[in-house]
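>>> Dropping the sequence and predicted coords here.
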Amino acid sequence: MVKLTLVGRLRDGMPLSQTPAHLIEDNEVFLASYRQKAELVLREISTGALTMPKMTILVDHHCFHYLIGDGTCCIALCDAWYPRKLAFHYLQDLHEELEKVDNRIIESFLEPYSFKRFDYVVGNFRNQYLDTRTQANLYKLNSDRRNDVDIPTEEFSNILRNCQTSGTDVGTSSTITHAQATIWSSHLLEVIALKWTPITVLVMVAVILLWTGVVLNEYDTLTAW
């Protein structure tokens, strides 16, 4: 299935939009790790290190598929078993929606992931591609087989190695820092806080009551003398 989507601007490699957090089933640490990798891929595309208009990048048991459009790039993280042809149909649908957006809007964003309105577009299209067995998706898989072309494939480890060889600091990108920071400002921590705060309060109350009981018992013992 499509795990994560990132839409970025090629001029400066800034990520503008992503899959809405409430649609992602994986934990926040997983999400932050692969978002960071996707941002690195976007930056390599924006600097010209990756020149292919479309590519599949193998990473662990997943694949990044990217498709370059007019000044933008869409990247999707999918399970390794997910049909590549379907993934690129998904990316093409996103690009067609981006083409409807005034370029001045695309260029106006100054902070990563500021194009919140497009997050909902990403979410809606993602839902259409979750089930590969729907009639619409089966039609896409079986159509235009004669026009299928080989898409270049690369290992993410090779891209990372090239970054290190070229002297690129993969840890100082502001967008990567943003991805790491989301772990600590995430919905996950809110869930943890809601779960454990009442328990912590109850434990503290129990300790206070126990301590009070001990003090009163000692006081009664002393006054009895």
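The structure has been received and is ready for your questions.
>>> can you list the weak-confidence ranges in this protein?
Within the chain, the ranges that satisfy pLDDT under 70 run 145-149, 167-198, 214-225.
>>> Could you look up the SS state of the residue nearest the centre of it?
Nearest to the geometric centre of the chain sits residue 35, at 4.2 Å (CA atoms, centre = their mean). With DSSP: H, G, I helix; E, B strand; the rest coil as the basis, residue 35 sits in helix.
>>> which residues touch residue 134?
residue 128 (CB atoms under 8 Å, 6 or more residues apart in numbering). All C-beta spots, glycine's among them, are computed from the backbone N, C-alpha and C.
>>> ok, the residue nearest to the centre of the chain touching residue 5?
No: using CB atoms under 8 Å, residue 35 makes no contact with residue 5, being 10.1 Å away.
>>> who touches both of the two?
Common neighbours of residue 35 and residue 5 (CB under 8 Å, 6+ apart) are residue 18.
>>> Which stretches in this protein count as helices?
Assigned by DSSP state H, the chain shows helices spanning 28-46, 84-98, 103-108, 116-128, 135-142, 156-165, 174-181, 187-224.
>>> by contact count, what packs against the fifth one?
Right, the one you point to is helix 135-142. For helix 135-142, the helices and strands in contact under the criterion 3 or more CB pairs under 8 Å, 6 or more residues apart in numbering; DSSP states H and E are helix 84-98.
>>> can you check the shortest one too?
Secondary-structure packing of helix 103-108 (3+ CB pairs under 8 Å, 6+ apart): no helix or strand packs against it.
>>> can we see that at 10 Å?
Secondary-structure packing of helix 103-108 (3 or more CB pairs under 10 Å, 6 or more residues apart in numbering; DSSP states H and E): strand 2-9, helix 116-128.
>>> Could you measure from residue 85 over to residue 63?
Using CB to CB, to the nearest Å, we find residue 85 at a distance of 12 Å from residue 63.
>>> what's the answer for residue 6, then?
For residue 6 relative to residue 63 (CB to CB), the value is 14 Å.
>>> Please enumerate the shared neighbours of those two.
Overlap of the contact sets of residue 6 and residue 63 (by CB atoms under 10 Å, 6 or more residues apart in numbering) consists of 76, 77.
>>> Could you check which of those two has the larger neighbour count?
The neighbour count for residue 6 versus residue 63, taken as other CB atoms under 10 Å, is higher for residue 6 (26 against 21).
>>> ok, what's across the strand from that one?
Counting by DSSP bridges, residue 6 is bridged to residue 18, residue 75.
>>> was I right about it contacting residue 38?
Yes: under the criterion of CB atoms under 10 Å, residue 6 makes contact with residue 38 at 4.5 Å.
>>> what do these two both touch?
Contacts common to residue 6 and residue 38, judged by CB under 10 Å, 6+ apart, are 15, 18, 64, 66, 75, 76, 77, 175.
>>> residues touching the third one, list them.
With contact set as CB under 10 Å, 6+ apart, residue 64 has these partners: 4, 6, 34, 37-38, 40-42, 55-58, 75-78, 87, 154, 156, 159.
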